[in-house]
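**Student:** Provided below are the primary sequence and the corresponding predicted coordinates.
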Amino acid sequence: MTDPGTWTPEHYRRANGRQFRTAIEALELAGLHSGRLADVGCGSGEITREMASRGYAVTASDFSPAMVEATRELCAGLPVTVEVRDARNLQLAPGAFDIVHCSWVLHWLDDIDHALTEMAAAVAPGGALVVQWSRANPRNQPDPVIMLEAVMNRPRWRDRLADTPFAMFQHPADEVVARLTAAGLAIELPPTELDAQFVADPVALGQIMKAAGLAEQAKKLGGDADDFVTEVATEMVKANELNPHNMRVIARRC
């Protein structure tokens, strides 16, 4: 798992307990029980530690130096190596891993071609690639980001946020599957949407967004940040656009 460069490890751990559980569930579905594992976007290290404690030798990476340091501390004494690495410039040894795992990273990348190609190539014969990400809905289907962008374009916010666009990108599941099959993997678990909903309380939801996906916008707005994030959350709740469209895919190299 990863972040857009603005989460602290403490925020990440507090906010992502459910996402940690879904990642472990997905890895268990892959069916392997030990070996070499690449954890791309390791976040604060919970998944890395869990899989290392189960007998995997883990190579972990994350965009954020703070996350890498948190992972290194959490996994002290375990068979883990961890480095700062942007998934857009991922480097994994071809065929080196029994499992490559990447949860909650793809939606932070504007271009996923390199990351998916590199991860697919790193899977050893018989191994699996486990991917989970948000905004996996079809491009013609509405999602919460439409509400967000509408608020950002209102007169009060438009000029102040003109140089701070929202950087969570849509990558439909069918497009991800097409890239993985083109890279030589067989789809073992077809796209499966996970049961997830944002909290329907505008104030609570706004504060979650302020700490996570809207942290850069909140920083830019200073004292007006709470007004902004609550306005976004209110529009999402009114429109009932609370589904982040979280998806899971498992692919295998035969």
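**Tutor:** In hand now; what should we look at? Computed from a prediction, not measured in an experiment: that's the story for all the values here.

**Student:** got the residue ranges for the strands in the protein?
**Tutor:** Along the chain, counting by DSSP state E, strands occupy 35-40, 56-62, 80-84, 97-103, 123-133, 186-193, 247-252.

**Student:** out of those, which comes closest to residue 231?
**Tutor:** strand 123-133 (26.5 Å; CB to CB). C-beta: built from backbone N, CA, C; applies to glycine.

**Student:** Could you count how many residues lie near residue 120?
**Tutor:** If you count neighbours by other CB atoms under 10 Å, residue 120 ends up with 22.

**Student:** Please tell me how far it sits from residue 253.
**Tutor:** 8 Å (CB to CB, to the nearest Å).

**Student:** And residue 38, by the same measure?
**Tutor:** 13 Å.

**Student:** Quick check on those two: which one has the bigger neighbour count.
**Tutor:** Between residue 38 and residue 253, counted using other CB under 10 Å, the more crowded position is residue 38 (25 against 19).

**Student:** first to last residue in stretch 100-110, what's the distance?
**Tutor:** 21 Å (CA to CA, to the nearest Å).

**Student:** An error on my part: the question was meant for stretch 94-105.
**Tutor:** End-to-end for stretch 94-105, by CA to CA: 21 Å.

**Student:** Give the buried residues for it.
**Tutor:** Of the residues in stretch 94-105, 97-105 count as buried by neighbour count, 16 or more other CB atoms under 10 Å.

**Student:** Stretch 138-152 too?
**Tutor:** For stretch 138-152, the neighbour count (16+ other CB under 10 Å) marks 143-145, 147-148, 151-152 as buried.

**Student:** Let me see the backbone angles for the residue nearest the centre of the chain.
**Tutor:** Central residue of the chain (CA atoms, centre = their mean): residue 104, 1.3 Å from the mean position. Here is the backbone geometry of residue 104 (degrees, to the nearest 10): phi 60, psi 40.

**Student:** about what we covered before: looking at the buried residues of stretch 138-152, which are in helices?
**Tutor:** Using DSSP state H, 144-145, 147-148, 151-152 are the members of those that sit in helices.

**Student:** Would you reformat these as a markdown table and include pLDDT and distance to residue 159?
**Tutor:** A markdown table is the format used below for these (pLDDT from 0 to 100; distance: CB to CB, whole Å):
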| residue | pLDDT | distance to residue 159 |
| --- | --- | --- |
| 144 | 88 | 23 |
| 145 | 89 | 20 |
| 147 | 88 | 20 |
| 148 | 93 | 17 |
| 151 | 96 | 14 |
| 152 | 96 | 11 |
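
**Student:** so can I have JSON lines of those residues showing distance to residue 213?
**Tutor:** Conversion of these to JSON lines gives the following (distance: CB to CB, whole Å):
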{"residue": "144", "distance to residue 213": "10"}
{"residue": "145", "distance to residue 213": "9"}
{"residue": "147", "distance to residue 213": "13"}
{"residue": "148", "distance to residue 213": "8"}
{"residue": "151", "distance to residue 213": "13"}
{"residue": "152", "distance to residue 213": "12"}
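
**Student:** related to what we said a few turns ago, so which of the strands of the chain is nearest residue 25?
**Tutor:** strand 247-252 (8.6 Å).

**Student:** Neighbouring strands - and their directions - for that closest one?
**Tutor:** strand 123-133 (antiparallel), strand 186-193 (antiparallel) (DSSP bridges).

**Student:** Highest mean neighbour count out of these?
**Tutor:** Comparing these by mean neighbour count (mean count of other CB atoms under 10 Å), strand 123-133 ranks first with a mean of 22.

**Student:** Buried residues, stretch 71-89. List them.
**Tutor:** Within stretch 71-89, the residues scored as buried using 16+ other CB under 10 Å are 71-72, 74-75, 78, 80, 82, 85-87.

**Student:** how about residue 214, what does it touch?
**Tutor:** By CB atoms under 8 Å, 6 or more residues apart in numbering, residue 214 lies in contact with 148, 166, 228-229, 232.
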